[in-house]
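Q: Have a look at this fold, sequence not included:
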């Protein structure tokens, strides 16, 4: 009788993690392009090396899968922000660097922009029910608040600023540039993602934010 081969637990865990990540990759594209209502779990299964039944096993259902996609998308931008060693940067450089991270991330992840648009169209129906997202996004404001406090203590930032307002300013510029690329281009004949103007817009964002904060 042939010897039965039993996979080690760590192998099964790696396979499960790889399958889960693949499902999330495809689901991100599906939800970003078709919205929550238009996305089909059958289509996600067909584009992955798994089945609809397995997707439900991993995530529980379409709504839970969509929320997992949102959680991962927000986690990625928050992780990019935390990777900035702001504690060892002067406050002016630190806040500029955080703005640049958002600029770079939004440009590199257009699906994130689409997902945020989908969720806004649904009045944050799902975001509001993912408790982890509140903590994740609060951490982004806390990180920015720490830099602002140091700048205020050093006498380089005005004291009447709100970290959430600054976060909004950064997000607005970066989000608009990607989300409105096509309409802006059609109306004004300018591609906001034109590589030749990228450095200009990246510097403009930093100047806008530091200019607002500077005493």
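A: Cool, got the structure. Keep in mind it's a predicted model, so treat the numbers as computed, not measured.
Q: the helices in the chain, which residues?
A: For the chain, applying DSSP state H gives helices covering 9-38, 41-46, 52-59, 62-82, 91-108, 110-121, 131-153, 163-179, 181-188, 198-213.
Q: What residues sit buried inside the fourth one?
A: In this case it means helix 62-82. For helix 62-82, burial by neighbour count (16 or more other C-beta atoms under 10 Å) applies to 62, 65-71, 73-74, 77-78, 80-81. Bear in mind the C-beta positions are built from the backbone N, C-alpha and C, glycine included.
Q: Let's have those in TSV, adding distance to residue 104 and pLDDT.
A: Shown next, in TSV, are those (distance: C-beta to C-beta, whole Å; pLDDT from 0 to 100):
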residue	distance to residue 104	pLDDT
62	31	96
65	28	97
66	26	96
67	26	95
68	24	95
69	21	96
70	21	95
71	21	93
73	15	95
74	16	94
77	10	94
78	14	93
80	8	95
81	11	94
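Q: Report the two of these separated the most.
A: 62 and 81 (29.7 Å; C-beta to C-beta).
Q: Show the contacting residues for the nearest residue to residue 56 once chain neighbours are set aside.
A: Among residues not flanking residue 56 along the chain, residue 41 sits closest, at 7.8 Å (C-beta to C-beta, 6 or more residues apart in numbering). Contacts for residue 41 (C-beta atoms under 8 Å, 6 or more residues apart in numbering) come out as 52, 55, 56, 62, 65.
Q: Need those in a markdown table (columns: distance to residue 139).
A: As requested, the contacts of residue 41 are exported to a markdown table (distance: C-beta to C-beta, whole Å):
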| residue | distance to residue 139 |
| --- | --- |
| 52 | 35 |
| 55 | 29 |
| 56 | 31 |
| 62 | 28 |
| 65 | 24 |
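Q: From these, pick the one nearest residue 175.
A: Distances from residue 175 to those, taken by C-beta to C-beta, are shortest for residue 65, at 24.1 Å.
Q: Who are the contact partners of the closest one?
A: So residue 65 contacts 23, 27, 41, 44, 55, 59 (C-beta under 8 Å, 6+ apart).
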